[in-house]
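Q: could you work out the structure for the sequence below:
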Amino acid sequence: MFGEDIGKGFVMGIPPYIIGGLAALPYYRESTSRRVSSYDRTGGNRDYLTIEPWETRVLADIEGTGIIRHIWCTIASDDRYYLRNIVLRMYWDGEPNPSVESPIGDFFGVGHGVAKHFISLPLTMTCDRGFNSYFPMPFSRRARIEVENQSDKPVRAFYYHIDYEVLPGLDENMLRFHAKWRRENPTEAKKYPPGVEGKNLTGEDNYLILEAYGRGKYVGCVISIYGLKPGWWGEGDEMIFVDGEKWPPSIHGTGTEDYIGAAWGFKFEFYGPYHGLPLKGNPDWTGASSMYRFHIEDPIYFRKSIRVTIEHGHANDRSDDWSSVAYWYQTEPHYEFTKLPPPELRRPRI
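A: Numbers count the residues shown, from 1 in each chain. As a prediction, the model looks like this:
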């Protein structure tokens, strides 16, 4: 399928270029390394793009077959809300609708228009300024990545690298990378009996992180919450409905901080390879918090559809400002995304 050489060195029957990472380092593969970047074509040191108000700039338009391995960028802007006003989009194989659409700050792992140092396996905001993605992003014919500055202020400098491999072919089972931002501001508090007496036996009023149709795997999310009143907002359970199943779903959690990999609330900010809380709000749980959970070792597979949801407070008893980015891989074509809200409806509270 891939030619004589590309099949050599399979690990447990899997091509090394699919495995990637440490396991693939000893293996040679017939690929060509390439980079698209903002370097100064004149040989000078103006190694950046400028982006005018409401302008769209194409960062990469790659023809052929390959896998994007790494994206890095850093941004200089006088717009206070640039991390929410710059929209990142990605298109695979000539599709008319994006497979990735998100405010750029949220995509790289922290919400609320905040740049905050953290390091995870797939995403980092190194020293608050260097944004990195290591999600592998395969394409068979074409990859197009663009940013739009939905602001009345220009972006003074946008530096970037996009590192990718050119390959002779892809396994037919390789899925395409997707990411989508959502916001519910505020969530609607349900009037159940107070405290633990409230019952949620449907999941219908949960906050929706992802709804997708097709065949694929859910690989994680960034969740950002702005507490609008004192009190712990983290008693909400994640409920993940696979292939049209009804309540109770086959994947049902026990609390928001449990889903993030912590316990008994969040004592302090932290970050790890697969889970973290880079941004913590006030001691009374008002203000801005942002967290992530990546299903790298435990992806959630679906054959027909998936709904990833989480309660906003126990039995949805809280009214707060929620936003999120979901990350997943799936077959194409995907269902067209709901329209991204305009900048004024994406604006953070801080």
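Q: from G236, how far off is the nearest residue to W233 once chain neighbours are set aside?
A: The shortest distance from W233 to any non-neighbouring residue, by CB to CB, 6 or more residues apart in numbering, is to R318 (5.0 Å). For the C-beta atoms, the positions are set from N, CA and C on the backbone; glycine is no exception. In this view, R318 and G236 are 8 Å apart by CB to CB, to the nearest Å.
Q: before we move on, what SS does the residue nearest to R182 when sequence neighbours are not counted have?
A: With sequence-adjacent residues excluded and distances taken as CB to CB, 6+ apart, R182 is closest to S324, at 5.4 Å. Under the three-state scheme (DSSP: H, G, I helix; E, B strand; the rest coil), S324 adopts strand.
Q: point out where the stretch 1-150 of the chain drops to low pLDDT.
A: 1-19 (pLDDT under 70).
Q: quick one, strands of it?
A: All strands of the stretch 1-150 of the chain, identified by DSSP state E, counting those that start in this stretch, fall at 32-37, 49-51, 56-63, 66-77, 86-92, 100-103, 118-119, 123-126, 130-133, 137-139, 142-149.
Q: ok, now the stretch 201-350 of the chain?
A: Under DSSP E, counting those that start in this stretch, the stretch 201-350 of the chain gives strands at 207-213, 216-227, 238-242, 251-252, 270-271, 275-279, 287-294, 300-302, 305-310, 321-330.
Q: partner strands of the fifth one, parallel or antiparallel?
A: Spelled out, that is strand 270-271. Counting by DSSP bridges, the strands paired with strand 270-271 are strand 275-279 (antiparallel).
Q: quick one: the strand it pairs with to chain centroid distance?
A: The chain centroid and the centroid of strand 275-279 are separated by 14 Å under CA atoms, centre = their mean, to the nearest Å.
Q: mean confidence for it?
A: Mean pLDDT, strand 275-279: 99.
Q: can you show me the CA trace of it as CSV?
A: Output of strand 275-279 as CSV, limited to C-alpha atoms (Å, rounded to 0.1, in the frame of the first residue of the first chain):
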residue,chain,number,x,y,z
HIS,A,275,-4.6,16.9,32.7
GLY,A,276,-4.2,20.3,34.4
LEU,A,277,-5.6,23.5,35.7
PRO,A,278,-3.3,26.3,34.4
LEU,A,279,-5.6,29.0,35.6
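Q: thinking again about what came up before, can you work out which residues contact both of R318 and G236?
A: The contact sets of R318 and G236 overlap at H312 (CB atoms under 8 Å, 6 or more residues apart in numbering).
Q: tell me, how many residues neighbour the residue nearest to K199 when sequence neighbours are not counted?
A: Closest residue to K199 apart from its sequence neighbours, by CB to CB, 6+ apart: A315 at 6.2 Å. Other residues lying near A315 total 23 when counted by other CB atoms under 10 Å.
Q: which residues touch the residue nearest to W233?
A: Counting by CB under 8 Å, 6+ apart, R318 has contacts T187, A189, G231, W233, G236, H312.
Q: please redo it, this time with the cut-off set to 6 Å
A: Contacts of R318 were listed using CB atoms under 6 Å, 6 or more residues apart in numbering, and they are A189, W233, H312.
Q: can you tell me how far the first one sits from H314?
A: This means A189. For A189, the distance to H314 - CB to CB - is 11 Å.
Q: do the second one as well
A: Counting by CB to CB, the gap from W233 to H314 is 10 Å.
Q: coming back round to it: so for the residue nearest to K199, what's the pLDDT?
A: Taking A315 on its own, its pLDDT is 95.
Q: was I right about it contacting N200?
A: Yes. At 4.2 Å, A315 counts as touching N200 under the criterion of CB atoms under 6 Å.
Q: residues near T202, how many?
A: T202: 11 neighbours (other CB under 10 Å).
Q: show me the contacts for it.
A: W247.
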